[in-house]
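Engineer: Sequence first, then the predicted structure:
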Amino acid sequence: MQSIQPQVFDREGHQPGADTSLSLSRQLAAWSADTTLIFSGLAVQRAEIAITDVIGCLLGGRKEPAVLNAGRAFAGEGGGASAVTSQVPVAATWAALVNGCAAHVLDFDDNFFPPVTHASAALVPALLALGEEIGARPAAIVRAYIIGLEVQAQIGKRVNPAHYAAGWHATSTIGTLGVAVACAVLLQLDAEGIVHTLSIASSLAGGSKRQFGSMVKPLHAGFAALHGVMAARLAAAGITGVEDTLQGQWSFAQLYAGQPHTVEAPVCLFPDAPLAIEEFGLVAKLYPSCMSSHLGIDALLALRASHAFSVAQIARVDLYLPGFMVANLRYEQPRTPTEARFSMNFCAAVALLDGSPRLGHFSDATLLRPDIQQLMPKVHRHEQQVSPQAAQLPWGGDCLARIALQDGRTLEQHWSYPKGCPQNPLSAEEQWQKFSDCAAGNIGDQALRPLFDALCGFSRLPGLDILTASLRWHS
């Protein structure tokens, strides 16, 4: 039997003789703590749009069972932050958890590549909860958001696609690390404090894609928000860990992405490289379903708009997608509205019958509609070989939609840029309509437009009062 050689580490977690000058944690921490960095107007604008978008999603999710149950678990835990399930302030950690769940529960919140995270659903609830408790200004929250997004991107570029393909839900793994740094920045920790924030956060990261379609899945965004606040607070209180848990033996990269024990070259960060929020942007959803369904929905909507055919004429629908998208959309015959958000069959049927999927479509009533039930079995998903060009797209591939009609015609549509991405953005009216659809009935309707307009200039607000009043529970 082969013996296992023991690993020897120093007090900072390095092996003797290792080159520690390139510690990824130290590079990210030093950059995040640099208060001289000035971000562009485009970066701030994109952050404000993302914050506005996810607050709409958060308000829309406040009455969902997963959110109400999560709030019930921590009822009576007092503090200074607003949660959508409580009329009175609660601890920032619990507000971050509940509001993160609410932001993600409708699967209407944005996606961010290359980490493949629902970045805003974790970052914004954490920063709002912590920011309210410590009295942070909105401009400071925007700055921390941009930095947290950058940290997610830098880690994501180093561990994906292996990390996501292995089954990790990056929102609650990579997301936790980015949220933790953002919270540390909001707490004004120095580089040393951020190093230990990352160290603590790496021991809190977890979450499997196996949970897609369950109540636990939206809680993953809440866990990332909760753990981000917790890691930063622990580091601020003096808890320390090994210096670099991101690279090397038993590191995040090795344990979560199977990477060998190597040390990488220095990271190129802004201002020597574009900010991730400028280079990649975020994908703001127009449809409240898993992002993996959106290329297929877009392609089918284009066919519906450009060709004259009736749904009764459809013999078969074939959708060719990257393998990870096919795997995410695993519910061919969904039984619940939550499963329907991860069903290409359901989303395709809705798109062909009714047009763009809306919040109201994800209901038991729609699932039971005879026309939906008849069309879903005609939809077939296929894993396609992604071309080298399509593989370079931030979301990892494109879609080919093919509809076979009973009269012998075959209709095809290729689609590369999902609605809501920087190359195919939501219009200002679409942004408002989405916010209104989500928030209507969850706060006073007269407050909808003033709140939306205020959030669009979030960094210029003097404080969080206009928002926190809306976040607290309204019966």
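Structural biologist: Perfect, I can see it now. The structure presented is a predicted model; accordingly, all values stated were derived computationally and were not measured.

Engineer: Which residue comes closest to the residue nearest the centre of the chain once chain neighbours are left out?
Structural biologist: Computing the C-alpha centroid of the chain and ranking residues by Cα atoms, centre = their mean puts H118 first, at 0.2 Å. Using Cβ to Cβ, 6 or more residues apart in numbering and skipping residues adjacent in sequence, the residue nearest H118 is T171, 4.5 Å away. Glycine gets a C-beta too; all of them are placed from N, C-alpha and C.

Engineer: What is the neighbour count of the one you found?
Structural biologist: 32 (other Cβ atoms under 10 Å).

Engineer: On the three-state scheme, it is what?
Structural biologist: Put simply, T171 is helix when judged by DSSP: H, G, I helix; E, B strand; the rest coil.

Engineer: hang on, the earlier thing: now the residue nearest to the centre of the chain: how far from D465?
Structural biologist: 27 Å (Cβ to Cβ, to the nearest Å).

Engineer: And for Q373?
Structural biologist: 48 Å.

Engineer: quick one: which of the two has more around it?
Structural biologist: Remark: of Q373 and D465, Q373 carries more neighbours, 13 against 10, as counted by other Cβ under 10 Å.

Engineer: Tell me which helix or strand that one sits in.
Structural biologist: helix 370-375 (DSSP states H and E).

Engineer: Show residues contacting that helix.
Structural biologist: Contacts with helix 370-375, where a contact means Cβ atoms under 8 Å, 6 or more residues apart in numbering, come from 311, 314, 346, 348-350, 352-353, 366.

Engineer: So what does the residue nearest to the centre of the chain have for phi and psi?
Structural biologist: Taking degrees, to the nearest 10, you get phi -90, psi 80 for the backbone angles of H118.

Engineer: What residues does it make contact with?
Structural biologist: H118 neighbours (Cβ under 8 Å, 6+ apart): 104, 109-112, 171, 175, 221.

Engineer: and the residues you listed, which of them are in helices?
Structural biologist: Using DSSP state H, 104, 175, 221 are the members of the contacts of H118 that sit in helices.

Engineer: Turn the residues you listed into TSV, columns for pLDDT.
Structural biologist: As requested, these are exported to TSV (pLDDT from 0 to 100):
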residue	pLDDT
H104	97
G175	98
A221	98
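
Engineer: out of these, who's nearest L286?
Structural biologist: H104 (16.7 Å; Cβ to Cβ).

Engineer: can you tell me how far that closest one sits from L359?
Structural biologist: 14 Å.

Engineer: The two: which is more packed in?
Structural biologist: Comparing H104 with L359 by other Cβ under 10 Å, the one with more neighbours is H104, at 31 against 16.

Engineer: leaving aside the residues next to it on the chain, what's closest to that one?
Structural biologist: H104 sits nearest to A221 (Cβ to Cβ, 6+ apart), 3.7 Å away.

Engineer: Would you map the strands across the chain?
Structural biologist: Under the criterion DSSP state E, strands of the chain are mapped to 78-81, 90, 314-321, 379-383, 399-405, 410-415.

Engineer: what angle do the fourth one and strand 314-321 make?
Structural biologist: On the basis of axes from the mean of the first three to the mean of the last three Cα atoms, to 10 degrees, strand 379-383 is oriented at 30 degrees to strand 314-321.

Engineer: Now do strand 379-383: which elements does it pack against?
Structural biologist: Strand 379-383 sits against strand 314-321, helix 323-328, helix 344-354, with contacts defined as 3 or more Cβ pairs under 8 Å, 6 or more residues apart in numbering; DSSP states H and E.

Engineer: Alpha carbons only: can I get that strand in CSV?
Structural biologist: Extracted in CSV, the C-alpha atoms of strand 379-383 (Å, rounded to 0.1, in the frame of the first residue of the first chain):
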residue,chain,number,x,y,z
VAL,A,379,-40.1,20.2,-27.0
HIS,A,380,-36.8,18.4,-27.1
ARG,A,381,-33.4,19.7,-25.7
HIS,A,382,-30.1,18.7,-27.3
GLU,A,383,-26.6,19.2,-26.2
